[in-house]
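*Asks:* please work out how this folds:
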Amino acid sequence: MAIRYWLVVQPLDRARALVDGGFVQLPWGVRDGLEEMRELDGVVVYSPRTRNPDGDSIRCFVAAGRVADDEPWRAGSNPAAPWRRAVDWLPEAVPAPVRGLRDALDLTRDDRYWGERLRDGWLEITRRDFDLVEDAVRRRPPEPSRLAMGLPRR
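*Replies:* Numbers count the residues shown, from 1 in each chain. Have a look, this model is predicted:
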């Protein structure tokens, strides 16, 4: 099967819990979208706000990773417990504002109302969009010091 790529919408506080827990969970804990995901599929998380429903607006991509298993699982024995899938997230991802990527992403380019497609809380995206977002949230290594590079001081 071909690898697919997914965008999941979660507020920043929940997105951090997903990354810390090593899983992805769709809004409302539904199973439907998780069943379409397969091992090695790419997942990015977009956070429109810091928390729902009234958190500050941030409109950032905040995480990227790969699905690590092939079956959704329930987070508890309660029938209302949310469904999840294991994900290997990039370590120490940094928020990437969508504004800087708008003209490059297939999702947002030439679409003034792209946010309407996020209403379900998840959607399939292109590999190109996944690669751009993954690169944008990847933590950059520190710049080498002038001393380490053997350059003279000014």
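*Asks:* ranges for the strands of this structure?
*Replies:* Chain-ordered strands for the chain, with DSSP state E as the definition, fall at 5-9, 23-24, 42-49, 57-67, 73-74, 83-89, 96-97, 122-125.
*Asks:* from these, which stretch is densest packed?
*Replies:* Of the strands of the chain, the one with the most neighbours on average (mean count of other Cβ atoms under 10 Å) is strand 23-24, at a mean of 26. Where C-beta positions appear, they are placed from N, C-alpha and C, glycine not excepted.
*Asks:* each with direction, which strands does that one pair with?
*Replies:* Paired with strand 23-24 in the same sheet, following DSSP bridges, are strand 83-89 (antiparallel).
*Asks:* list the contacts of Asp129.
*Replies:* The neighbours of Asp129, taking Cβ atoms under 8 Å, 6 or more residues apart in numbering as the test, are 5, 7, 105-107.
*Asks:* could you redo the last one with a cut-off of 10 Å?
*Replies:* Contacts for Asp129 (Cβ atoms under 10 Å, 6 or more residues apart in numbering) come out as 5, 7, 42, 44, 61, 101, 104-109.
*Asks:* widest-spaced pair of those residues?
*Replies:* Gly42 and Arg109 (19.1 Å; Cβ to Cβ).
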